[in-house]
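S.K.: Quick one: sequence plus predicted model below, questions after.
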Amino acid sequence: TGLVTVDPGFMNTASCSSAITYIDGDLGILRYRGYPIEQLAEHSTFLEVAYLLIHGELPSADELMAFNNRVARHMHVHEGIKSFLNSFPREAQPMAVLSGAVSALSTFYPESVGRGEYEIELATVQLLAKTAVVVAYLQRRVTGGELIQPRPGGLYVDEFLRIAFSGQDGELDIDPTVRRALDLLLILHADHEQNCSTSTVRIVGSSQANIYAAVSAGIGALSGPLHGGANEAALKMFDQIKESGDTVEQFVAKVKDRAEGARLMGFGHRVYKSYDPRGTVVKRIADQVLDQLGGNNETFDMAKRLEEIALSDDYFVERKLYPNVDFYTGLVYSAMKFPVPMFTPLFALGRMPGWIANFREMMDDPRTKIGRPRQIYTGSVERDYTAMEER
Ligand code: CMC
């Protein structure tokens, strides 16, 4: 073990090579399979991006239609999954329920469990399709509705919105602004190379556990406030600033003093040392969405002011802390009428293609070995067992 060095948080350790996503943190560049995120955000749809991430190339029109149809066919969920979801208290933390539900999918669809081509293709489609329905069901649970089945052949984003927002009759007029904004937000979240949840998916999968177990663990990692939970935490932070009566300047001063452990949620990133390119797109759509749907402009103005003050403050400048994707997403989700507990599950829905693509790449890479880091032991040297009466 002479060569072992400790690298907390894996700041300088590459765990794999990957051909999926490229990030240049200094220049604020993000590309999926070589395509700039800005171009995908403008021209693509979520399932098209999912296909790109998973299969490596943009689909032809026929390939995309077949993929969309296949996902649509698998949106129907087993009654057992509904019972499973209904067995949790309505106020249950949705990310915990989601993680459990994804793990349980392997028991309802055992034919998709395995590492052969047939199984992994089926699991890919199952995970994309079923997660959309389960996340929409989580919303129905939060808002008090019964769980309705998807309609055969319904389009992915439309069916998701219909299940999430319709009343008991299952009817919903989908606002085109909401449809487009959701598609875009899902695209922006679709992959981000070796982040905490994706690394978790890979490390669980490296033991040859099945993809459902790996993704379920990834959902657990995503739930933390330093990762996917930051979108919810950022919105709560805006509300707390308003309630406390502090000015934005006073709040920034508290963050700098590290008073009460305050951090500026939605700011900072391990890799980006400039503006998160996803944040730029989210800020732009926040402007449009809030304008068209009548969101909370007062909070949006406060968030923009918070950003402005932080970006001109030495503390943030020296540490290269910029807004990340989570700074403005909560505001957009709110304007779209998603309840706050749904924000992080929406991130999970978006990240699903990235988890799947990384799992598959890990599985196909002959250099993959079981993830098993070393440690530097700092405990006691050998000592003899002490009898109970002598302690
Ligand atoms: N507010 C105040 N100070 C901060 C912040 C922040 N948001 N982020 C980092 N710092 C400071 C930190 O205190 C440290 O200062 P010092 O060197 O004086 O001790 C320095 O900046 C470096 O921070 P770090 O914690 O060592 O950096 P990291 O790469 O380990 O952490 C991070 C990255 C994203 C966890 C962190 O920036 C953070 O906690 N941000 C807030 C939570 C957040 O927005 N997370 C979402 C990340 S993007 C999407 C996602 O992954 O879900």
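M.R.: Now that the structure is in, tell me what you want to look at. Numbering: from 1, shown residues only.
S.K.: Up against the ligand, what does the stretch 1-150 of the chain have?
M.R.: Gly9 (C-beta under 6 Å from any ligand atom). All C-beta atoms are positioned from the backbone trio N, CA, C, and that covers glycine.
S.K.: So for Leu321, what's the nearest residue that isn't a sequence neighbour?
M.R.: Excluding the flanking residues, the one nearest Leu321 by C-beta to C-beta, 6 or more residues apart in numbering is Gly268, at 4.4 Å.
S.K.: Repeat that for Thr329.
M.R.: In space, Thr329 is closest to Asn231, 4.6 Å off (C-beta to C-beta, 6+ apart).
S.K.: State the helix or strand in which the one you found lies.
M.R.: Using DSSP states H and E, Asn231 falls within helix 230-244.
S.K.: any idea how far the helix or strand just after that helix is from the chain center?
M.R.: Once the chain leaves helix 230-244, the next helix or strand it forms, by DSSP H and E, is helix 248-257. Here the centre of helix 248-257 is set off from its chain's centre by 28 Å, with C-alpha atoms, centre = their mean, to the nearest Å.
S.K.: wait, does the helix or strand just after helix 248-257 contact the ligand?
M.R.: On the C-terminal side of helix 248-257, the closest following helix or strand by DSSP H and E is helix 277-293. No. Judged by C-beta under 6 Å from any ligand atom, helix 277-293 and the ligand are separated, with a smallest distance of 8.3 Å.
S.K.: And the residue in the chain that the ligand sits nearest to, how far from Tyr315?
M.R.: Using C-beta to the nearest ligand atom, Gly268 is the residue of the chain that sits closest to the ligand, at 2.4 Å. Gly268 sits 11 Å away from Tyr315, going by C-beta to C-beta, to the nearest Å.
S.K.: If we go by neighbour counts, what in the helix or strand hosting Ile356 is buried?
M.R.: Element membership for Ile356, per DSSP H and E: helix 343-364. Buried residues in helix 343-364, counted by 16 or more other C-beta atoms under 10 Å: 343-363.
S.K.: how far is it from where the chain is centred?
M.R.: 8 Å.
S.K.: when you give positions from now on, start the count at 25
M.R.: Happy to do that; since the first residue is 25 now, the last one works out to helix 367-388.
S.K.: same question for that helix, mean pLDDT?
M.R.: In this model, helix 367-388 has a mean pLDDT of 98.
S.K.: do it and the ligand meet at all?
M.R.: No. Contact of helix 367-388 with the ligand (C-beta under 6 Å from any ligand atom) is absent, the minimum separation being 6.8 Å.
S.K.: For the nearest residue to Gly168 once chain neighbours are set aside, grab the count of nearby residues.
M.R.: In this structure, Gly168 finds its nearest non-sequential neighbour in Arg114, 7.1 Å apart by C-beta to C-beta, 6+ apart. Counted with other C-beta atoms under 10 Å, residues neighbouring Arg114 total 10.
S.K.: and Arg114, what are its phi and psi?
M.R.: The phi/psi pair for Arg114 (degrees, to the nearest 10) reads phi -60, psi -30.
S.K.: Confirm for me that it is in contact with Val166.
M.R.: Yes. Between Arg114 and Val166 there is a contact at 7.0 Å, judged by C-beta atoms under 8 Å.
S.K.: Touching both of the two, which residues are there?
M.R.: In terms of C-beta atoms under 8 Å, 6 or more residues apart in numbering, Arg114 and Val166 are not both contacted by any residue.
S.K.: on that earlier part again, next, the angle from the helix holding Ile380 to helix 254-268.
M.R.: 160 degrees (axes from the mean of the first three to the mean of the last three C-alpha atoms, to 10 degrees).
S.K.: Now the common contact residues for Gly292 and Tyr339.
M.R.: Shared contacts of Gly292 and Tyr339 (C-beta under 8 Å, 6+ apart): Leu345.
S.K.: of those two, who's got more company?
M.R.: Gly292 (21 against 14).
S.K.: check contacts around that one.
M.R.: 343, 345-346, 348.
S.K.: Confirm Arg55 sits in a strand?
M.R.: Yes. Residue state for Arg55 (DSSP: H, G, I helix; E, B strand; the rest coil) corresponds to a strand.
S.K.: Asn348 reaches Met289, doesn't it?
M.R.: No. Using C-beta under 8 Å, Asn348 is not in contact with Met289, being 9.5 Å away.
S.K.: residues shared between the contacts of those two?
M.R.: Listed contacts common to Asn348 and Met289 are Ala254; contacts here mean C-beta under 8 Å, 6+ apart.
S.K.: For the helix holding Asn255, which residues meet the burial criterion?
M.R.: Those would be 254-259, 261-262, 265, for helix 254-268 by 16+ other C-beta under 10 Å.
S.K.: got the contact list for stretch 94-114?
M.R.: So stretch 94-114 is contacted by 71, 121, 124-125, 128-129, 132-133, 149-150, 152-154, 156-158, 161-162, 165-166, 168, 171, 173-174, 176-180, 183 (C-beta under 8 Å, 6+ apart).
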